[in-house]
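Student: Quick one, structure for this:
(one chain, ligands or ions: 2)
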Amino acid sequence: MGVSTSRNEHCRPRQSPINIYTKKVRYDSSLRPLYIYYDPKSSRRLVNVGHCFNVEFEDNNDKSVVSDGPLTGYYRLRQLHFHWGSSDQDGSEHVIDGQTYPAELHIVHWNAQKYPSFDEAVKHPDGLAVIGVLLKIGEANPVIQNIINNLDKVKTKNKECPFTQLDVSSLLPNDRNYWTYQGSLTTPPYSECVTWIVLQEAILISSEQLFHFRGLLCTSESEKPTCILENHRPIQPLEARVVRSSSK
Ligand SMILES: COc1cccc(N2C=Cc3cc(S(N)(=O)=O)sc3S2(=O)=O)c1
Ligand SMILES: [Zn+2]
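Tutor: Ligands and ions are numbered 1, 2, ... in the order given. Below is the predicted model:
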C-alpha cells in the first residue's frame with residue numbers, strides 16, 4: 001500500500017503515447033485546418049542522439065512553423081526523428097484502434113510566440129507541438145532514402161553531419177486531418193508539455209529502409225557496437241483525456 005501524499009508525485013495524468021480509439025474521439029468543428037510551412041533551407045544537421053537520429057533545424061527565425069489547428073500562436077520547427085520496432089510488426093508509438101504501425105515520424109516544434117527558447121518551452125504545458133505521422137510498409141520513400149544515405153556518417157552515438165535541403169513538407173501525407181490531445185514527451189524526461197497532432201493518413205516506408213534504421217548504433221565509437229533495434233514507448237493510460245478529431 002503506497003503512502004499517499006498531499007501532492008501525489010506518482011500522478012502523471014497526460015503521458016504519451018496512447019491508443020487512439022477512433023469510436024471515442026470527439027469531432028470538434030472549432031478545430032481549424034493546420035497551417036504548416038517548412039523552408040528546406042532551415043535544415044542544418046543529422047545527429048545520432050543515442051536512442052535515435054534527429055534531423056535538426058535552424059530555429060532562430062520563423063521560416064519553418066506550424067500554427068492554427070488546435071494551437072494558439074505559432075510553433076517553430078526544431079527537429080524531427082523516427083521511432084521503429086525490432087520487426088515490421090510494431091514500432092509506432094501511437095496505436096490506432098489497437099493497431100500498431102511499423103514506425104512513426106515525430107516533427108517537433110516549440111511555442112516561439114510565448115516562450116524565449118526551446119529549453120524554456122519544454123517547462124510549460126503548451127510549450128511544444130509535435131506532429132506525429134504513422135508509417136506503413138510500401139514502396140521506398142525517396143525523402144527518407146535521402147536521410148538513410150547519410151546514416152553511415154552518424155553511425156555511432158553523438159556523431160553528427162551537415163544535412164541541408166530537407167523538404168519536410170514532402171514527408172507529409174496529402175490528407176491533413178488529425179487527432180489532437182494534450183500529452184508528453186515519449187522519452188525522458190517525459191515532460192507533460194506537448195500538444196500532440198497525429199495525422200490520420202499514414203505515409204509509406206519500405207521494409208528495407210526500416211532495416212537500415214535498425215543498423216544505427218546506440219554505442220559510441222570506443223564501445224562494443226550495439227544496434228538501436230527498437231525505440232518506441234508502450235502506450236500510456238488515457239486518464240481523464242478526450243482525443244479530438246478535425247474530421248467526422
Ligand atoms: C531542455 O529539454 C530538452 C532538451 C533537449 C532535448 C529534449 N527532448 C527530449 C525528449 C524528446 C522526446 C520527444 S517525442 N518522442 O515525444 O517527440 S521530443 C523530445 S525533445 O524535446 O527534443 C528536451
Ligand atoms: Zn518521438
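
Student: How about the residues of the chain by ligand 1?
Tutor: Contact residues (C-beta under 6 Å from any ligand atom) of the chain with ligand 1: 79, 106, 108, 119, 122, 130, 185-187. (Glycine included, C-beta is placed from N, CA and C.)

Student: Name only those of these that count as buried.
Tutor: Among the residues of the chain next to ligand 1, those buried by neighbour count (16 or more other C-beta atoms under 10 Å) are 79, 106, 108, 122, 130, 185-187.

Student: and of the residues you listed, the nearest to residue 232?
Tutor: Of all those, residue 186 has the smallest distance to residue 232: 7.9 Å, by C-beta to C-beta.

Student: The closest one: what's its closest spatial neighbour, skipping adjacent residues?
Tutor: residue 233 (4.5 Å; C-beta to C-beta, 6 or more residues apart in numbering).

Student: That neighbour touches residue 93, doesn't it?
Tutor: Yes: using C-beta atoms under 8 Å, residue 233 makes contact with residue 93 at a distance of 5.7 Å.

Student: Helices of this protein, start to end?
Tutor: Assignment of helices within the chain using DSSP state H yields the ranges 118-121, 142-148, 207-213.

Student: So which elements touch the last one?
Tutor: The reference is to helix 207-213. Helix 207-213 is packed against strand 74-84, helix 142-148, with contacts defined by 3 or more C-beta pairs under 8 Å, 6 or more residues apart in numbering; DSSP states H and E.

Student: for the last one, which positions count as buried?
Tutor: Applying a neighbour-count criterion of 16+ other C-beta under 10 Å, the buried positions in helix 142-148 are 144, 147-148.

Student: Who are the contact partners of the residue nearest to residue 186?
Tutor: 16-17, 83, 93, 186-187 (C-beta atoms under 8 Å, 6 or more residues apart in numbering).

Student: Kindly reformat those residues as JSON lines and extend each row with pLDDT.
Tutor: What follows is these, written out as JSON lines (pLDDT from 0 to 100):
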{"residue": "16", "pLDDT": "98"}
{"residue": "17", "pLDDT": "99"}
{"residue": "83", "pLDDT": "98"}
{"residue": "93", "pLDDT": "99"}
{"residue": "186", "pLDDT": "98"}
{"residue": "187", "pLDDT": "98"}
